[in-house]
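>>> Have a look; sequence and predicted model below, questions after that.
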Amino acid sequence: MLISKRSKQTIDACRFCWMCRHICPIGNVTGQERNNARGRAISLSLVERKAAELADVIDNVYECALCGACTKECVTGWDPVAFTKEVRLEAALNGQTPPYIGRLLENIEKTGNPYGASEISQELAEEIAGLPQEAEVLLFLGQDARYMAPRAAICAIRLLKAAGVAFTVLAAEPDSGYALDALVGASQETKQAMEKAAGILAGFSTVVAFDPADAKVFLREYKQWNLPCAFEAKTFTSFVAQLITGGKLRPRKLDLKAAFQDPAHLARDLEETDQARTIVDACALRCEMLLYGKDTMWAGDLLMNTYLPEVMKKTAAARWKNAQAAGAEALITASPSEYAVLDAAKPAGMQLLSLEQLVLQALTGGAGDAR
Ligand code: SF4
Ligand code: SF4
């Protein structure tokens, strides 16, 4: 395979080791060795040694969530996420991408998003239309919120309005490049999508990324690709935490025991864990689940839900069990994608709230509409 020397070394290191097997969210719910870093490395080492074809193991390569738990856990500094993404690119360049990934890529080409959606909900469109056309601050909603979780997008807009922030949202947002980066890694198409988005967003002084996946692209991938970034990118969580500490939002603490589900992109890729807790602490009684902060256990995402829905039900159910074991009444999310998969697996008697829903509810002492 035409992958980097470092990735070949990682494959050879991981195939003899399974020290991180216990923290893989996919391996934990499927119970299959093939799903953790070591299992994938064994498959790929067979391809490297010409004992198997890449096509034989490519499904396995797409069973990885790229959540980075193995990378974080590795005391010897290997990064299975890097070789997994490089192999995805290798497969794409050789026409060996699985058909279910090919469909997502075709959707991105045709509609700019992997879901093939061309219209946002009327309610979200009206909410956006009610905002000023021009502002220094842009709230970048992202594809998951716009097309798959519009309620989250609407609540985010309402929260910034409640804080008196002068901001706008683009009626037509560019593709940040996140989905392409996840599906085919560092392709020319990924770079072009990121460059295009950087150009469109250059007119704003601050871009607040609602989705941690987009925040990761703006704050990390742009640097790795050496792309000019004329705007200051901020995570939604850090922006809202500042609104609370600065007194622009004054939520009242609810009598609600809540655990926060750290999104892997936020906690591991961007190393941001405190800001969401500032928000939760202002609004609820925080408790922590097993594996939180940088050790977070990924709960699922909408992209993988398109081709591994049964596994996503299990990853979400596993996280609900952690929340219940911690004695939480509510699970709080900061990722629209994780919200959607957790919602589909929500056990009776538990509440699921996005951070913006939590703050909106706390602003009215729990009496308002926090949908
Ligand atoms: S990432 Fe590290 S801990 Fe995990 S299998 Fe590879 S070498 Fe072992
Ligand atoms: S990145 Fe996450 S899903 Fe992929 S092998 Fe590592 S722990 Fe498992």
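Received, thanks. Residues are numbered from 1 along each chain as shown. Ligands and ions are numbered 1, 2, ... in the order given.
>>> just checking, next helix/strand downstream of the least confident helix or strand in the chain by mean pLDDT?
For the chain, counting by mean pLDDT, DSSP states H and E, helix 222-224 ranks last in confidence among helices and strands (a mean of 89). Tracing the chain past helix 222-224, the next element assigned as helix or strand by DSSP states H and E is strand 232-235.
>>> list the helices and strands that following strand packs on?
Packing partners of strand 232-235 (3 or more CB pairs under 8 Å, 6 or more residues apart in numbering; DSSP states H and E): strand 206-209, helix 212-216. The way it works is simple: take the backbone N, C-alpha and C, and place the C-beta from them, glycine included.
>>> How about the residue in the stretch 251-371 of the chain that ligand 1 sits nearest to, nearest residue that isn't a chain neighbour?
In the stretch 251-371 of the chain, no residue comes nearer to ligand 1 than residue 268, which is 13.4 Å away by CB to the nearest ligand atom. With CB to CB, 6 or more residues apart in numbering as the criterion, residue 268 has its nearest non-adjacent residue at 4.5 Å, and that residue is residue 68.
>>> what's the answer for residue 42, then?
Nearest non-adjacent residue to residue 42, counting by CB to CB, 6+ apart: residue 15, 4.7 Å away.
>>> Which pLDDT value goes with that neighbour?
With respect to pLDDT, residue 15 scores 95.
>>> Now for it: which residues touch it?
38, 41-42, 45 (CB atoms under 8 Å, 6 or more residues apart in numbering).
>>> and the two most separated of those residues?
Largest separation among those by CB to CB: 38 and 45, giving 10.3 Å.
>>> Pick out whichever of the two has more residues nearby.
Taking neighbours as other CB atoms under 10 Å, residue 38 and residue 45 compare with residue 38 leading, 23 against 17.
>>> Would you confirm that the more buried one contacts residue 21?
Yes - using CB atoms under 8 Å as the test, residue 38 is close enough to residue 21 to be in contact (6.3 Å).
>>> A strand includes residue 265, no?
No - read with DSSP: H, G, I helix; E, B strand; the rest coil, residue 265 is helix and lies in no strand.
>>> Any regions of this protein where pLDDT drops low?
Low-confidence segments of the chain, defined by pLDDT under 70, are located at 366-371.
>>> Please list the residues of the stretch 51-200 of the chain that sit near ligand 1.
When proximity is defined by CB under 6 Å from any ligand atom, the stretch 51-200 of the chain lies next to ligand 1 at 70, 73-74, 76, 78, 80.
>>> Can you list which of those are found in helices?
Counted as lying in helices by DSSP state H, out of these, are 70, 73, 80.
>>> Considering those, which is situated nearest to ligand 2?
When those are ranked by distance to ligand 2 (CB to the nearest ligand atom), residue 70 comes first, at 3.3 Å.
>>> what residues are up against that closest one?
The contact partners of residue 70, taken as CB under 8 Å, 6+ apart, are 20, 23-24, 36-37, 80-81.
>>> Closest one of those to ligand 2?
Sorting those by distance to ligand 2 puts residue 24 at the head of the list, at 3.3 Å, by CB to the nearest ligand atom.
>>> Name the member of the residues of the stretch 51-200 of the chain next to ligand 1 with the most neighbours.
Top of these by neighbour count (other CB under 10 Å): residue 80, with 27 neighbours.
>>> What separation do you get for the most centrally placed residue in the chain and ligand 1?
Against the mean C-alpha coordinate of the chain, by CA atoms, centre = their mean, the closest residue is residue 213 at 4.0 Å. With distances taken as CB to the nearest ligand atom, to the nearest Å, residue 213 is found 22 Å from ligand 1.
>>> need the contact list for the nearest residue to that residue once chain neighbours are set aside.
Leaving aside its chain neighbours, residue 213 sits nearest to residue 178 (4.6 Å; criterion: CB to CB, 6+ apart). Applying CB under 8 Å, 6+ apart, we find residue 178 in contact with 142-143, 211, 213-214, 216-217.
>>> ok, 6 Å please
When contacts are counted by CB atoms under 6 Å, 6 or more residues apart in numbering, residue 178 is found next to 213-214, 217.
>>> Show the overlap between the contacts of residue 15 and what lies near ligand 1.
Near ligand 1, taking CB under 6 Å from any ligand atom as the test, the members of the contacts of residue 15 found are residue 38.
>>> So which of the contacts of residue 15 belong to helices?
Using DSSP H, 38, 41-42, 45 are the members of the contacts of residue 15 that sit in helices.
>>> And the strands in this protein, which stretches?
Per DSSP state E, the chain has strands spanning 137-140, 167-168, 206-209, 232-235, 257-261, 285-287, 330-333, 351-354. These are given in chain order.
>>> ok, for residue 57, nearest residue in space, not its chain neighbours?
Once chain neighbours are set aside, the closest to residue 57 by CB to CB, 6+ apart is residue 43, at 4.0 Å.
>>> Using TSV, please lay out the residues of the stretch 51-200 of the chain next to ligand 1 together with distance to ligand 2.
Output for those, formatted as TSV (distance: CB to the nearest ligand atom, whole Å):
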residue	distance to ligand 2
70	3
73	8
74	9
76	15
78	11
80	5
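>>> ok, the residues you listed vs residue 262, which is closest?
Among those, residue 73 lies closest to residue 262 (CB to CB), at 15.2 Å.
>>> residue contacts, that closest one?
Counting by CB under 6 Å, 6+ apart, the residues that residue 73 touches are 20, 23.
>>> can you rerun that using 10 Å?
With contacts defined as CB atoms under 10 Å, 6 or more residues apart in numbering, the neighbours of residue 73 are 19-24, 37, 295.
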